[in-house]
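Student: Give me the fold of what follows.
(one chain, ligands or ions: 1)
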Amino acid sequence: MKAFHVKHYDVAVIGGGHAGAEAADAAARRGARTALITPDLGRIGEMSCNPAIGGVGKGHLVREIDALGGVMGLAADAAGIQFRLLNRRKGPAVRGPRAQCDRQLYRIAVQRRLAAREGLDLIAGEAIDLDLDRVDRIVVRLADDTTFVAGAVVLTTGTFLRGCIHIGEESFSAGRIGEKASVRLADRIAEMDLPLGRLKTGTPPRLDGRSIDFSQTVSQPGDDAPELFSQLSEGVAVRQVDCHISRTTEQTHEVIRTNLHRSAVYGEQVVGVGPRYCPSIEDKVVRFEDRTSHQIFLEPEGLDDDTVYPNGISTSLPKEIQASFVATIPGLESVRILQPGYAIEYDFVDPRSLSIDLAARVCARLFLAGQINGTTGYEEAAAQGLVAGTNAAALALGLPTLNLGRDQAYAGVLVDDLTRSGASEPYRMFTSRAEYRLMLRCDNADQRLTPLGRELGLVGDHRWEVFERKTSDLRHGKMQLERLTATATELRGAGISAAQDGCERSAWALMGRSDVDDAALESVWPEVRLIDDAVLEQLQIDARYAQYEERQRRDAESLRRSEAQPLPPDIDYSALSGLSGELREKLDAARPSNLGQASRIEGMTPAALTLLLIHAKRKRDAA
Ligand code: FAD
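Tutor: All right, here's what the predicted structure looks like:
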């Protein structure tokens, strides 16, 4: 490799999407001299698909990123033009904050934050080559021959590796619409012994809002009391707007059905597997044959932008067919399409080839994060970016690593799922993926993670002060509630059931009961009214979940005791007698780092785990 203008960094991050932005910011927050390399600095933080952040499961990830001092929550709050708490009527564990964002304001917020970050250089360029041959560094070469030497590299190239866009029968190479695919880097990665696969995703046509007849649609306002993402945000930053809802019609489905053979995803052109949970309108019409209508959310892309994103009709039909089916949707009869919908197919790296810190097994200095690891979604990408950037800095500077457990964070579930089971289809976060979800709520993300973030150098002084203040308010609030006690007779007088066992009950103990509401508590103890509303609400959730949390914590601890048992990376599973052929194959593919990971491999048995434990111990004793 020829070396022109060699520049040295602790960490180099390749890609300026959601994973890249978090990775670079996290590495720099830890004190690593960091470079973020991406072709167009003006597109850092670009939302490739719809301009919305959060939702159920995804909102949990954003709160966790924020709790660890990350970028996404603050940027979404700065750019949010409509905030809604999804699943509001369900329990707090499965509620998800979501914000419709102004696409441009979001980018600006991310770019401002990164530009101001000390120790972080933003460099315009396309990485085309990585030299992994040295033990102590990686050499990165750009298309203009600039060369970087870094102690660790984080690769976050999203959908760009050999990206190929399909619109009907038309196909062309691109990373996303209007941007070049990354072909030379993809060729280089293919030579690296990293297992590659092909995935696909799609996006709907963008509409000109001035040509929509909104009177034919139902308007959907945001929440009266918006729930923001960041602990540091004090209120909405910009004007709030409504979204609108329309629906496909039988006529829409007819147009789509008649032209299915012309859809890229239904033709022979696309081989990659698509996201099951974000299906194209073609998929929906075929899969849900008997449904005569599907909901479409008409989401504005910004305050000074007339573009509307029709959420729910992602498609890869030819442009003229897109125009004809869109015109059958109420309100869109005369709509102008600004940009056609398309499908994109791209290379991804099988994340089972990464260890739990997101470093590639073929090279401990190379970290991968985001859609390149088979996920879909900004939040999933950002959470991985934060983990990979933190750990890249750890490797370069000799600092402690960030390994989140499944009982600690959704980000822990995400990384564990990916590195253990891989991604046979684009991976998206759901609350159902987290077995400890009663503990991992959006409302307690800061309590769970901010102290750890502070320890690792990810959380700055201001956030820490805010956290300490909140923690102290909660502690005092709880103490007050514990001090307020009443006899069974007094409680019964206020309509609260209580056994006549001679024991007094505290307001705190009663708060955990779902049959006792604020009004009942206040009628027994008027002092409760003096506690700040937000503090009281948080304490009520904490009290209600305390019993479940205790049980989940015990389960998690017993699992953690076995999780701690490391498994040597070089175990020859094929030679381990006593394991079934299927388990040998699965263990060989997953290469779990410890017994806990092994225990979650599909089909694993207690007997096989004992065998692994004995084998690992023998190997350690022999070493
Ligand atoms: P990206 O946001 O793609 O960022 C990659 C970055 O790497 C870019 O800045 C790029 O310029 C840079 N880069 C690439 N190659 C190089 C190189 N060689 N050198 C330097 N820099 C490089 N998600 C959903 O949840 N739901 C959806 O419905 C959905 N639909 C989508 C539809 C489309 C068409 C696309 C493209 C994406 C869609 N997504 C969807 C996915 C979502 O956009 C991504 O998951 C998310 O943006 C991934 O973030 P990332 O940081 O991994 O990658």
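
Student: quick one: Met439 and the ligand, what's the gap?
Tutor: 25 Å (CB to the nearest ligand atom, to the nearest Å). Using the backbone N, CA and C atoms, a C-beta is placed for each residue, glycine as well.

Student: Look up which helix or strand that residue falls in, please.
Tutor: Met439 belongs to no helix or strand when assigned by DSSP states H and E.

Student: Likewise for the one 10 residues further on?
Tutor: Here Leu449 is covered by helix 445-455, with elements defined by DSSP H and E.

Student: biggest helix in the protein by residues?
Tutor: helix 533-563 (DSSP state H).

Student: What are the buried residues along it?
Tutor: Using 16 or more other CB atoms under 10 Å as the test for burial, helix 533-563 gives 535-536, 538-545, 549, 552, 556, 559, 563.

Student: quick one: Ser182 from the ligand, how far?
Tutor: 3 Å.

Student: Please enumerate the helices of the stretch 351-500 of the chain.
Tutor: Taking DSSP state H, counting those that start in this stretch, the helices of the stretch 351-500 of the chain run over residues 378-397, 410-421, 445-455, 461-483, 488-493.

Student: Identify all contacting residues around the fourth one.
Tutor: To tie it back to what came earlier, the one meant is helix 461-483. Helix 461-483 has contacts (CB atoms under 8 Å, 6 or more residues apart in numbering) with 69, 231-232, 446-447, 450-451, 454, 459, 506-508, 511, 527-528, 531-532, 535-536, 538-539, 542.

Student: same thing with the second one?
Tutor: The list of residues contacting helix 410-421 from outside it, by CB under 8 Å, 6+ apart, reads 57, 60-61, 64-65, 351-352, 354-356, 358, 373-375, 380, 383-384, 386-387, 403-406, 427, 429, 433-434, 440, 590, 592, 597, 600-602.

Student: So which of those are in strands?
Tutor: Of these, none are assigned to strands by DSSP state E.

Student: just so I have it, where are all the helices in the stretch 101-250 of the chain?
Tutor: So, for the stretch 101-250 of the chain - with DSSP H, counting those that start in this stretch - the helices run 103-116, 184-190, 250-258.

Student: Serialize the ones you listed to CSV and add fields for mean pLDDT.
Tutor: Listed next are these as CSV, based on pLDDT from 0 to 100:
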stretch, mean pLDDT
helix 103-116, 98
helix 184-190, 93
helix 250-258, 97
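
Student: who wins for proximity to the ligand among those helices?
Tutor: Closest approach to the ligand among these (CB to the nearest ligand atom): helix 184-190, 4.1 Å.

Student: I'd like the distance from that closest one to the chain centre, please.
Tutor: 26 Å (CA atoms, centre = their mean, to the nearest Å).

Student: for stretch 133-153, same thing?
Tutor: Going by CA atoms, centre = their mean, where stretch 133-153 is centred and where its chain is centred differ by 28 Å.

Student: Just the buried residues of it, please?
Tutor: 137-142, 146-153.

Student: what pLDDT does the residue of the stretch 301-450 of the chain found nearest the ligand get?
Tutor: For the stretch 301-450 of the chain and the ligand, the shortest gap (CB to the nearest ligand atom) falls at Gly370, measuring 2.3 Å. Note for Gly370: predicted pLDDT of 98.

Student: How about Leu567?
Tutor: pLDDT, Leu567: 89.

Student: Chain neighbours aside, what residue packs nearest to it?
Tutor: Leaving aside its sequence neighbours, Leu567 sits nearest to Ala616 (CB to CB, 6 or more residues apart in numbering; 5.2 Å).

Student: Counting neighbours, what do you get for the one you found?
Tutor: Using other CB atoms under 10 Å, Ala616 has 18 neighbouring residues.

Student: And the one 5 residues further on, by the same measure?
Tutor: By the measure other CB under 10 Å, the count of residues near Asp621 is 7.

Student: How about Asp515?
Tutor: 9.

Student: middle-most residue in the chain, spatially?
Tutor: Nearest to the mean C-alpha position of the chain, by CA atoms, centre = their mean, lies Glu380 at 2.3 Å.

Student: Now do the contacts for whichever residue of the stretch 51-200 of the chain sits closest to the ligand.
Tutor: Using CB to the nearest ligand atom, the closest approach of the stretch 51-200 of the chain to the ligand is made by Gly158 at 2.1 Å. Applying CB under 8 Å, 6+ apart, we find Gly158 in contact with Gly15, Gly17, Ala19, Ser48, Gly175, Arg176, Tyr346, Gly370, Gln371, Ile372, Ala381.

Student: quick revisit: check the contacts of helix 410-421 for burial and list the buried ones.
Tutor: 57, 60-61, 64-65, 351-352, 354-356, 358, 373-375, 380, 383-384, 386-387, 403-406, 427, 429, 433-434, 440, 590, 592, 597, 600-601.
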